[in-house]
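K.L.:
Pasting the sequence and the predicted model now:
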Amino acid sequence: MKLPFQISRKTLAISSLLGMILITILSLFALPKLTTQYSLKQFLPKDNPLLILDEKSRQTFQLSEVQPFIITAKIGDTAGGTWFQQERITELEKLTALIGKFPGVRNTLSLANIQGAINNEHGLSVGPLLKNLAVDQWKTETTANPLIAPTLISKDGKTASLIANIERLTNKELAALRQNLQVTATAALPFADVQMGGTPAVQTDISLLLQTELKNFVILGFVACFVVLALIFSNFSPLIMSFIIILCANILVLAVMAMANLPFSILSTTIPILTTIDVVSLCIHTLLRYAEERKAAPFESHEKLVMKTLKVIIKPNLIASTTTMIGFLSLLTTNVPLIREYGVTAAISIILGWVTTTVLLFPLLLFLPGPRAREWAWAKARWGLYLFRRSGLWTMGIIIVSLALALKGGNLSWSAKLFDDLPQNHQVRLSTETIDRELGGMIPVDIEIDGQKDAWNDPNLIAKLDSLSAEIRDLPGVGSVVSLPDLVAAASFHNSRLPASRSSTAEVYFLYSLANDSPLKNFLNADGSKTRISVRTQDLPGDQLHHLVDKVRGMTEQTFPEMTVQSTGMGSTIHHLNNELSRELIFGFWQSIVAIIVVLVFVFKSLRWSLVACIPNLVPPAALLGFLAISQTPIKPSVAIIFSIALGLAFNNTVYMLERLRVMQNTKKSRNLDVEKMLWLEGNPCLISTMTLVAGFSVFMASYFAMNRIFGFYMVLSMLTGLVGDLILLPTMLKSCPWLLRPITWKKEKVMATAASVLFAIVLVFQPHPLMAQGLTPEKVGQEMSSRISTKDETFVVQMKIFEADGSNKEREMRIWRMSPGKKDHSLMVRMMKPADLKGTALLATMKNDKEDKWIYLPSNKQVRRLTGENSKGGILGSELSTEDFDFNRDSSAKTAIQKEVEIKGSKYIVMESDVSASSPNYSKIISYVSAKEFLPIKAECYDKQGKLLKTIDFGGYKKLSGGKFRASSIKIRNVQNKRGTDIALSDIKINQNLKASQFSPKSLADD
């Protein structure tokens, strides 16, 4: 009768073993999908008011959220000299242009291509600053210019930077670009020490280090745990069992992370160690319990001992894993995606570790020789007798010391730096320190000043802002300061550094609107009511940086008492948010305790037992607070997170001890607590389990990152103090106060449990196939459009309204004359009518045989000045409309194809796609919607060089003019990437008026 049962048991064991091995092998195929991720903003909460304010300011001043790569090049003593040499600037110029063509790079900026306006006898020259200056003027003109030094060149002229502004890229694309930049820059500048810096460089380098660290952690974790196992057991079967279980558990955890798209962050590199020590801890408790059962019944069969061991240990193992998991799940209450993600990942690793251990221990224990523990490991913990002799003294002593440490914890240090986690002497750390020390600082702080509309056209306010900026530059800890007066001074064409009238100021702003990518938008909003002071500070301790930001904001409020002043930027927000989060994590461990109490109420079926279980586990948090305060360790979220993690792990020993005590009490059916026996039986297993945790977390001491080293040290500290709470405080407390757990006969406790489930649904959206336009060719459509639009000349009045991402706007009105007698002969003259400050300002642009000339007329000094320098390819007068959007007569080499015919609101349109990547400076392709009836363009979708939609242009209100020509009376442009827009209304349109070439001459500009 026993044989079939034995066969089924062995069959079940073999099936579970083979099934787990098969699942593990299949999981290996998911591992290549694992990624690593690092960001300075990973610890920032979502939807925080400070971050919302920061984002609003970024939109107002059109600041890119994507941080640039910063290449630093320092000329060493061997090469000698400075960057102010013709041949070196030439090499820098070549490198700047080359990197600007790299895929993923939006644009580049360096000393070689920094734009500037030089007013000389040849005219007003706008273009690369150094090209318009004599070599002997380079140093004086650049080092005194806040727009250039120290951001692009250090004060001593030996260190230069090249800023590569990039598109939004994936981690893989960032890593590839970072490698290309490093190799290219090093080869191009052999005379300099080239290093990669900037947030993307930090992100990519740390990601690579995380991969290396992950491998090291896995190896060291295995070694540490196997050393502990070898000290406990005298035969090899425990090592073989543990190795198989650890390997399977880690592979399964990593596979789940890969399939769930959970990347390795600087926190989740701890997951393999957590999984390993959790599994080893479960194995040790199980295998030592087997040794105990073998000693108690030496003549029992191996199979019966295995089944008996698993039966009694499965519940404590599950409870211990559950309390640990709750410690991690408590992290879900934070509003930081990285920490929530880490909490979920760690909880998954704990529960998968328990499942894997439970499933595999059954067949492994059954088929392998039974574990033989060394005598000291399974012997009774007789050292507890010494504790019981003075139980009251031990209890009071531990409680008093814990309270003292907890009180000392009120004096924590909040002086963390942002970049002190970077590995010492690593390339990215050295580059960051170079930028911080020599190139204007690493931490951005923005001071936003909000006044009335057009307030910052007032030259008096600009002068006050200029003086304030100079005062801020002199503050200790400030690396660089750039503000609106610096831009105004750089483009000034008057005798004084700053303009003396509102009209002169408006003319400077108008001049900037002609630039390809005007920097003015980063310092002045659309209606002239807001400006910002861009401050970059050194990487100061958090409390010092907070004091500096408050001082700068106070100085600004004192200078402009009638205006609203607020501070934004990383330096203003990140330390505050990190400190706020750290406090939440440190003092939020009460949430974990409450959750654990609820679980233990179900386990022990007693609220008193659950509350007593919490008392010894208050020792680790108290000790952590005290030691952090005594050592003045700077508090960061990565340190504060230890409290919740340590609490969950600390409950492990408590669960095993109280569960043993509970079983003994129920077996004897006695009101007395046999605390001595509980400690004798569970003392050494708990001590050994804790030593395993200590060995595992000691691995973090070998980390590249200071954060992980600190994490490892304080986790070891929490494990040791948890051991004090469990093996000393708990038994001595119960010995002195047995009434804490004695049954109360007059009260019967009842507990109810509920469960919930979540259902996920996936909705698939399908799009219909397009209808192909038939019977038309792109050439025919183009001819039809040209016959309705092309003219030799025209005049019209334009009312332009420019909308910014923050909702502000500015309006301009101008009259435009255009003449195009030939395909390569174009002339355009614009005369401003509104606003009043710009009335009479005029611009003339002519192009003949691809040669472009520009002149500007400035009413403030009644002068016509020629604009020299590089051609502009940006928006017209600061709008989202570029010249190629409105040039219907251009000779385009674009390849155009008809894609389909669509019907919208009863009207049919031809959809055409034009590949303009070879001819357009801005676009890769343009998709046009052309009316199938009138052959007039209705809408255009313009895609950037990366193939992403950049902006849409809608033409409406077509009016028929003489000669069968048509003109849209309204044009709406919306940039979907920067959220800006421009509305244009055309009126008083006159075409083919036989305009003369003499009307498009520099002399005619001055004829108001």
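P.N.:
Ah, there it is. Numbering: from 1, shown residues only.

K.L.:
List of residues touching the helix or strand where residue 592 lies?
P.N.:
Assessed by DSSP states H and E, residue 592 sits inside helix 589-604. Residues from elsewhere that reach helix 589-604 (C-beta atoms under 8 Å, 6 or more residues apart in numbering): 315, 319, 322-323, 326-327, 329-330, 333, 607, 609-611, 613-614, 617, 621, 643-644, 647-648, 651, 655, 658-659, 662, 751, 753. Every C-beta, even on glycine, is put in place using the N, C-alpha and C of the backbone.

K.L.:
try stretch 288-300
P.N.:
232, 305-306, 308-309, 312-313, 365, 370-373, 377-378, 681, 684-685, 688.

K.L.:
May I ask which helix or strand of this structure has the lowest mean pLDDT?
P.N.:
strand 123-128 (a mean of 60; mean pLDDT, DSSP states H and E).

K.L.:
Give the next helix or strand downstream of that one.
P.N.:
helix 138-143.

K.L.:
Residues in a beta bridge with the closest residue to residue 844 other than its chain neighbours, which ones?
P.N.:
For residue 844, ignoring the flanking residues on the chain, the nearest one in space by C-beta to C-beta, 6 or more residues apart in numbering is residue 855 at 4.6 Å. Beta-bridge partners recorded for residue 855 (DSSP bridges): residue 844, residue 866.

K.L.:
Residue 855 touches residue 867, doesn't it?
P.N.:
Yes - if you go by C-beta atoms under 8 Å, residue 855 and residue 867 touch, sitting 6.5 Å apart.

K.L.:
The longest strand seen in the chain packs against which elements?
P.N.:
Ordering each strand of the chain by length in residues (DSSP state E) puts strand 809-822 first. Counting contacts by 3 or more C-beta pairs under 8 Å, 6 or more residues apart in numbering; DSSP states H and E, strand 809-822 packs against strand 793-803, strand 825-834.

K.L.:
partner strands of that strand, parallel or antiparallel?
P.N.:
strand 793-803 (antiparallel), strand 825-834 (antiparallel).

K.L.:
in whichever strand or helix holds residue 908, what's buried?
P.N.:
Element membership for residue 908 (DSSP H and E) is strand 907-915. Counting neighbours by 16 or more other C-beta atoms under 10 Å, one finds that the buried residues in strand 907-915 are 909, 910, 911, 912, 913, 914, 915.

K.L.:
Check stretch 629-637 too.
P.N.:
So for stretch 629-637, counting by 16+ other C-beta under 10 Å, buried means 629, 633, 634, 635, 636, 637.

K.L.:
next one: stretch 658-665
P.N.:
Residues 658, 659, 660, 661, 662, 664, 665 are the ones in stretch 658-665 that count as buried (16+ other C-beta under 10 Å).

K.L.:
quick one: which of these is nearest to residue 898?
P.N.:
Residue 898 has its nearest neighbour among the buried residues of stretch 658-665 in residue 659, at 76.5 Å by C-beta to C-beta.

K.L.:
Test my guess that the closest one contacts residue 319.
P.N.:
Yes - if you go by C-beta under 8 Å, residue 659 and residue 319 touch, sitting 6.8 Å apart.

K.L.:
what comes up buried for the top helix by length along the chain?
P.N.:
For the chain, the helix with the greatest residue count under DSSP state H is helix 199-232. Under the neighbour-count criterion of 16+ other C-beta under 10 Å, helix 199-232 has 199-207, 209-210, 213-214, 217-218, 220-222, 224-226, 228-229, 232 buried.

K.L.:
So which elements touch that helix?
P.N.:
Helix 199-232 is packed against strand 69-75, helix 171-188, helix 237-259, helix 271-296, helix 427-438, helix 675-698, with contacts defined by 3+ C-beta pairs under 8 Å, 6+ apart.

K.L.:
Repeat the analysis, applying 7 Å as the threshold.
P.N.:
In this structure, helix 199-232 makes packing contacts with helix 171-188, helix 237-259, helix 271-296, helix 427-438, helix 675-698, judged by 3 or more C-beta pairs under 7 Å, 6 or more residues apart in numbering; DSSP states H and E.

K.L.:
Turn those into CSV, including mean pLDDT.
P.N.:
What follows is these, written out as CSV (pLDDT from 0 to 100):
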stretch, mean pLDDT
helix 171-188, 89
helix 237-259, 90
helix 271-296, 85
helix 427-438, 83
helix 675-698, 80
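
K.L.:
how about those helices in JSON lines, adding distance to residue 30?
P.N.:
Output for these, formatted as JSON lines (distance: least, C-beta to C-beta, whole Å):
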{"stretch": "helix 171-188", "distance to residue 30": "17"}
{"stretch": "helix 237-259", "distance to residue 30": "4"}
{"stretch": "helix 271-296", "distance to residue 30": "15"}
{"stretch": "helix 427-438", "distance to residue 30": "30"}
{"stretch": "helix 675-698", "distance to residue 30": "25"}
